[in-house]
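A.B. asks: Generate a structure from the sequence data that follows.
(one chain, ligands or ions: 3)
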Amino acid sequence: MSDFGLSAWHRERASEEAREGWELARVMNVNRTNWTIQTASGALRAELSGRLSWLHESASERPAAGDFVWVQIFDDGDWALIDGVLPRKTLLQRKSAGDHVDVQVIAANVDTAWIVQSCDRDFNPSRLDRYLVTVRDGGIEPVVVLSKCDLVSDAERDEMRADLQVRSPDVDPLFISAQTGEGLDKLNDRLTPGHTFCLLGSSGVGKTTLLNALLGEERFATHAVRESDQRGRHTTTRRHLTPLPGGAMMIDTPGMRELGLLGTEAGLMAAFPDIEALADHCQFSDCAHDSEKGCAVLEAVEAGDLEPERLRSWKKLHRESERHELSLAERRRRDKAQGKLYKRIQQAKKDRR
Ligand SMILES: Nc1nc2c(ncn2[C@@H]2O[C@H](COP(=O)(O)OP(=O)(O)O)[C@@H](O)[C@H]2O)c(=O)[nH]1
Ligand SMILES: [Mg+2]
Ligand SMILES: [Zn+2]
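C.D. replies: Ligands and ions are numbered 1, 2, ... in the order given. Okay, the predicted model is just below:
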């Protein structure tokens, strides 16, 4: 556990910039301007060096949960200074919530994401597609976990399984219950030591309960789903990284109300390889698979080889991802133009003096 998930890949990157007097640590959580890091000797409070905060102007470049960082420890191990971030092997990000279009990092260096939906009321294949695209886009392996299976009948389970078989044939869901313990051994078996895992899913689906079960103790607070609106309250307020007994790391996240897509072309390709392969055979290279002549994707739907619902899902996510990427590009262009204008004004002022 002493290397908190530092992979060979990261070690190699670290040796390229080996720093005298600095050591490697891992970001456990972030709270505005405060970081908690895991070092070889335990958890520590940390701050960003002035150089780093200046270098990393955009929030998405700042150290996030799961990042490996260069630190210097002060005051007998009381606090640390972060002065560098190792390249990220994988990156989990979304469009920031709300109208403002920007990228928000959820976590860095996650190997496998457990996408959790609860059997009783959260099961939703469309939302699952959204998570799959996000996870794939970051270069992360997805595992679909259907929680609270104690609350549904065997028939209901079969229905969900069949539903997924049609909609997302690549997905092999794991039914688990933290209540009865069903399926937990299967999850435990998948916890490769040294790998980093991440729990994703709506609030109230049982992510933190699952983490506690894996830890074998009630370390983190969970919250009952409110009867009034059937939603879980946000008990997990921040993403945080926790070392598990077997040597794997787990990042728990608060439920995200929105998981907006932004520039996830690679994720769409990885999550919908069938559609992408068919699209290669469309007559027009910019085919939108709507009503075009010679559209191989529509032909596949017609022939019953592609589930229409799957195509609908792909289209929706594809459109959203492109739209957000365009507005981000547009905003960046505007910011840049504004920056130039500002510089010109400053120069003009100077010239007048
Ligand atoms: N019946 C049942 N309830 C569960 C299970 N796992 C979690 N819960 C309950 O679901 C609620 C929300 O759990 P929590 O772990 O806080 O969800 P999170 O928001 O995803 O972290 C709590 O009241 C848990 O007791 C389960 O396997 N079966
Ligand atoms: Mg939670
Ligand atoms: Zn087409």
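
A.B. asks: end to end, how far does stretch 99-115 reach?
C.D. replies: 25 Å (Cα to Cα, to the nearest Å).

A.B. asks: what comes up buried for that stretch?
C.D. replies: 101-115 (16 or more other Cβ atoms under 10 Å). No exception for glycine: its C-beta is placed from N, CA and C like everyone else's.

A.B. asks: Kindly report the same for stretch 112-129.
C.D. replies: Result for stretch 112-129 [16+ other Cβ under 10 Å]: buried residues 112-123, 125, 127-129.

A.B. asks: Where does pLDDT dip in the stretch 1-150 of the chain?
C.D. replies: 1-2, 56-57 (pLDDT under 70).

A.B. asks: OK, now which residue of it is nearest to ligand 2?
C.D. replies: Residue nearest to ligand 2 within the stretch 1-150 of the chain: Val116 (9.9 Å; Cβ to the ion).

A.B. asks: Quick check: that residue is in a helix.
C.D. replies: No - Val116 is assigned strand when assessed by DSSP: H, G, I helix; E, B strand; the rest coil, not a helix.

A.B. asks: wouldn't it be in contact with Ser147 here?
C.D. replies: Yes - when contacts are counted by Cβ atoms under 8 Å, Val116 is listed as touching Ser147 (5.3 Å).

A.B. asks: Overlap of the contact sets of these two?
C.D. replies: Taking Cβ atoms under 8 Å, 6 or more residues apart in numbering as the criterion, Val116 and Ser147 both touch 205-206, 210.

A.B. asks: Intersect those residues with the contacts of ligand 1.
C.D. replies: Residues of the shared contacts of Val116 and Ser147 in contact with ligand 1 (Cβ under 6 Å from any ligand atom): 205-206.

A.B. asks: any idea how far the residue of the stretch 1-150 of the chain closest to ligand 2 is from Gly255?
C.D. replies: 10 Å (Cβ to Cβ, to the nearest Å).

A.B. asks: Could you name every residue contacting both of these two?
C.D. replies: 201, 205, 207.

A.B. asks: The closest residue to the first one other than its chain neighbours pairs with what?
C.D. replies: So the one you mean is Gly201. Residue nearest to Gly201 in three dimensions, not counting chain neighbours: Val116, with 3.6 Å by Cβ to Cβ, 6 or more residues apart in numbering. Counting by DSSP bridges, Val116 forms beta bridges with Val145.

A.B. asks: gap between Val116 and Glu47?
C.D. replies: For Val116, the distance to Glu47 - Cβ to Cβ - is 33 Å.

A.B. asks: and if you look at Ala8?
C.D. replies: In terms of Cβ to Cβ, Ala8 sits 29 Å off from Glu47.

A.B. asks: In terms of neighbours, single out the busier of the two.
C.D. replies: Glu47 (16 against 8; other Cβ atoms under 10 Å).

A.B. asks: Checking the more buried one next. Helix, strand or coil?
C.D. replies: With three-state DSSP as the basis, Glu47 sits in strand.

A.B. asks: What is the burial count for the residue lying closest to it once chain neighbours are set aside?
C.D. replies: Spatial nearest neighbour of Glu47, chain neighbours left out: Leu81 (6.0 Å); criterion: Cβ to Cβ, 6+ apart. Residues lying near Leu81 (other Cβ under 10 Å) number 18.

A.B. asks: The strand or helix carrying Val133 near ligand 1 at all?
C.D. replies: Using DSSP states H and E, Val133 maps to helix 125-137. No - applying Cβ under 6 Å from any ligand atom, one finds helix 125-137 separated from ligand 1 by no less than 13.5 Å.

A.B. asks: Now tell me what touches that helix from outside.
C.D. replies: 92-94, 113, 115, 117, 141-142, 144, 163-164, 167-168, 171, 200-202, 259, 261, 264, 266-268, 270-271, 309, 313-314, 316-317, 321.

A.B. asks: Mark which of those are buried, thanks.
C.D. replies: Buried, going by 16+ other Cβ under 10 Å: 92-94, 113, 115, 117, 142, 144, 164, 167-168, 171, 200-202, 259, 261, 264, 267-268, 270-271, 313-314, 317, 321, out of these.

A.B. asks: Just the ones of those in strands?
C.D. replies: Among the buried ones among the contacts of helix 125-137, the subset assigned to strands under DSSP state E consists of 92-94, 113, 115, 117, 142, 144, 200.

A.B. asks: contacting residues for Leu262?
C.D. replies: 93-95, 101, 103, 321, 324-325, 328.

A.B. asks: how does it look with 7 Å?
C.D. replies: The contact partners of Leu262, by Cβ atoms under 7 Å, 6 or more residues apart in numbering, come to 95, 103, 321, 324-325, 328.

A.B. asks: Please identify the helix or strand for Asn188.
C.D. replies: Per DSSP H and E: helix 184-189 holds Asn188.

A.B. asks: Oops, could you answer that again for Ser15 instead?
C.D. replies: Using DSSP H and E, the element containing Ser15 is helix 8-16.

A.B. asks: which parts of that helix are buried?
C.D. replies: 10, 14.

A.B. asks: okay, now the domains of this structure?
C.D. replies: With domains defined by automatic domain parsing, the chain comprises 8-85, 91-252, 265-337.
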